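**Q** what's the 3D shape of this:
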Amino acid sequence: MTDRSPQKILIVEDEPDIVRLVKHYLENAGFRTAVAQSGVEALTLVQSERPDLMILDLMLPELDGIEVCKRLRNTPETALLPIIMLTAKSDESDTIVGLELGADDYISKPFSPKTLVTRIKALFRRLERTENHARSSFTYGPLILDPLRHEVVVNGREVSLTAKEFGLLEQLLRHPGRVLTRDVLLNTVWGYNYFGTTRTVDVHIRRLKLKIPLLNDAIISVKSLGYKLADHPPAK
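**A** Purely as a prediction, here's the structure:
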């Protein structure tokens, strides 16, 4: 068994009191930390620090959290970086925009630092379980999902997915024809008992369909329950 360095978390937050509090709790939990106080600095530090996860405040100087998230997801090297978004806004639309851009989770201010640490550990556990239980590949028509390489190829071309999009697609491919409720998908893909809206699943399913048109008819919405993947890819 090889030793592994503690996971590094980049805290992107411009309020010093929150930074000190979050940094204290994360380091006590065994994580390494780095801090950025603006969106521009965050994008620079992602390249130099290579964090394992980012805590991203929505309201930032220079570039806001939405724009930072958008740029990270549009860059192949950072497209899969786990992101937990912090927001002081109560408007659900801000949260939905963040999720649509690929944020893995969100937590509203004011929040408990212990809760944040719990969310982070749960996200890392979910990612580790995905790696440990990965099989060689899943094939669905022209679509091939490789869990070990964390790659999705359609018609010979690689498709860039966020960690959550990839996890959702993998769950659907593991259980074709089976109805997976939103609660089941939240618990298996997000890795904890989710206390937010189940609309999170809907947002990510919609993103999957946009990125992989094959899934438009293949992923079937089951009213009031969740989703299922058709047993066989739809004929062209």
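
**Q** Going by residue numbers, what spans are helices in this structure?
**A** Secondary structure of the chain by DSSP state H: the helices cover 16-28, 39-49, 65-73, 92-101, 113-132, 163-174, 182-185, 199-211, 215-218.

**Q** looking only at pLDDT, what's the mean for the second one?
**A** Just to be clear, that refers to helix 39-49. Within the predicted structure, the mean pLDDT of helix 39-49 is 95.

**Q** what angle sits between it and helix 65-73?
**A** Computed by axes from the mean of the first three to the mean of the last three Cα atoms, to 10 degrees, the angle separating helix 39-49 from helix 65-73 equals 30 degrees.

**Q** The first one too?
**A** Using the same axes, to 10 degrees, one finds that helix 16-28 and helix 65-73 are set 40 degrees apart in direction.

**Q** Would you enumerate the residues in contact with residue 58?
**A** Listed by Cβ atoms under 8 Å, 6 or more residues apart in numbering, the contact set of residue 58 reads 64, 65, 66, 85, 86, 87, 88, 89, 94, 98. The way it works is simple: take the backbone N, C-alpha and C, and place the C-beta from them, glycine included.

**Q** mind checking how far it is from residue 217?
**A** 35 Å (Cβ to Cβ, to the nearest Å).

**Q** Now render the helices of the chain as a markdown table, adding distance to residue 232 and mean neighbour count.
**A** Converted to a markdown table, the helices of the chain look like this (distance: least, Cβ to Cβ, whole Å; neighbours: other Cβ atoms under 10 Å):
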| stretch | distance to residue 232 | mean neighbour count |
| --- | --- | --- |
| helix 16-28 | 46 | 15 |
| helix 39-49 | 41 | 18 |
| helix 65-73 | 31 | 22 |
| helix 92-101 | 29 | 18 |
| helix 113-132 | 25 | 16 |
| helix 163-174 | 13 | 22 |
| helix 182-185 | 21 | 18 |
| helix 199-211 | 18 | 18 |
| helix 215-218 | 9 | 16 |
